[in-house]
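Visitor: Structure, please.
(one chain, ligands or ions: 1)
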Amino acid sequence: MFSQSAVEILHRNYNAGDISYLLLDSNSGALLASRWEDYDKPISLGSLVKPFTALSYAQSHEFRYPVYECKGESGGCWRPQPHGKLDITAAIRVSCNAYFRQLAESVAVEQIVPVAQTFGLEFPDDDATSASLIGLGEQWRISPIRMARAYSELFLRKDQRGVSPILEGMRQSALRGTGAAVGRQLQHTEALVKTGTAPCIHSPSAPADGFVLTLVPADKPEILLLIRVHGVVGAKAADTAGRMLRQMEE
Ligand SMILES: [Zn+2]
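Guide: Numbering: from 1, shown residues only. Predicted coordinates:
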């Protein structure tokens, strides 16, 4: 039921403007609706790669995630003020770049490959820097449709080692993290959210494009919505995703 009304709402309200979207059945991975030119062409998707880099780390560290301290901009975070001490769940919630930069230092490109294979993602370039493993730069390009399906696979593997702290971070993101704009709009359901920001590929160009991936409802997802909003950061694009989901919920 959710997915039927969702398809109608997207066709009716979001077929123009700066928004690209993919709507999938989150259990089967089937594409239900789309407005996204070249959704199978690999592009930079920013922080959407972080959960998969985290899993690569976990697999080579006995599934124990580290605790790191974020000192803000001076430590390489996108946020000027420090996030402070974070575990993996908090780092996903706020999408802390300082945390993930430190984590990615201990992940080799070869360790990403088996995880990318498991989740159907394109591989990073052989000479990819550790910064590119957290979604900075252009050395790990992934097609939007593959990324969407990777997250539906991530949820299906919720009981496997290392996955649940990541999903909990996505749940908290919708409540009080970078995806909070989604949680604010939803009245009856919770969502799992991951945001991302990447260089804009449009012409005319903007400083950035924002990405939001959401699975709804959080405890037993039926739909997966991935959107890109031209010219804004991911946390701002979450406003748009929240509005879309609220209309579907009604
Ligand atoms: Zn931070």
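
Visitor: Show me the shaky parts of the chain.
Guide: Scanning the chain for pLDDT under 70 picks out the ranges 1-3.

Visitor: Which stretches in it count as helices?
Guide: In the chain, the helices defined using DSSP state H lie at 2-13, 50-59, 88-94, 97-104, 109-119, 144-156, 164-176, 180-185, 234-249.

Visitor: near the ion, which residues of this structure?
Guide: With CB under 5 Å from the ion as the criterion, the chain meets the ion at residues 70, 77, 83, 96, 98. Any C-beta I mention is one placed from the backbone N, CA and C, and that applies to glycine too.

Visitor: What about those residues, which one has the most neighbours?
Guide: Using other CB atoms under 10 Å as the neighbour test, the residues of the chain next to the ion are led by residue 96, with 30 neighbours.

Visitor: thinking that one is in contact with residue 71, fair?
Guide: No - judged on CB atoms under 8 Å, residue 96 makes no contact with residue 71 at a distance of 10.6 Å.

Visitor: which residues do these two both contact?
Guide: By CB atoms under 8 Å, 6 or more residues apart in numbering, residue 96 and residue 71 have these common neighbours: residue 77.

Visitor: quick revisit: ok, the residues of the chain next to the ion vs residue 152, which is closest?
Guide: Here the nearest of the residues of the chain next to the ion to residue 152, counting by CB to CB, is residue 96; it sits at 24.7 Å.

Visitor: Next one: the closest one from residue 249, what distance?
Guide: As judged by CB to CB, to the nearest Å, residue 96 and residue 249 stand 30 Å apart.

Visitor: likewise residue 165?
Guide: Using CB to CB, one gets 27 Å for the distance from residue 165 to residue 249.

Visitor: do residue 182 as well
Guide: From residue 182 over to residue 249 the distance is 11 Å, taken as CB to CB.

Visitor: What of residue 118?
Guide: Distance from residue 118 to residue 249, by CB to CB: 32 Å.

Visitor: number of nearby residues for residue 149?
Guide: Other residues within reach of residue 149, judged by other CB under 10 Å, total 23.
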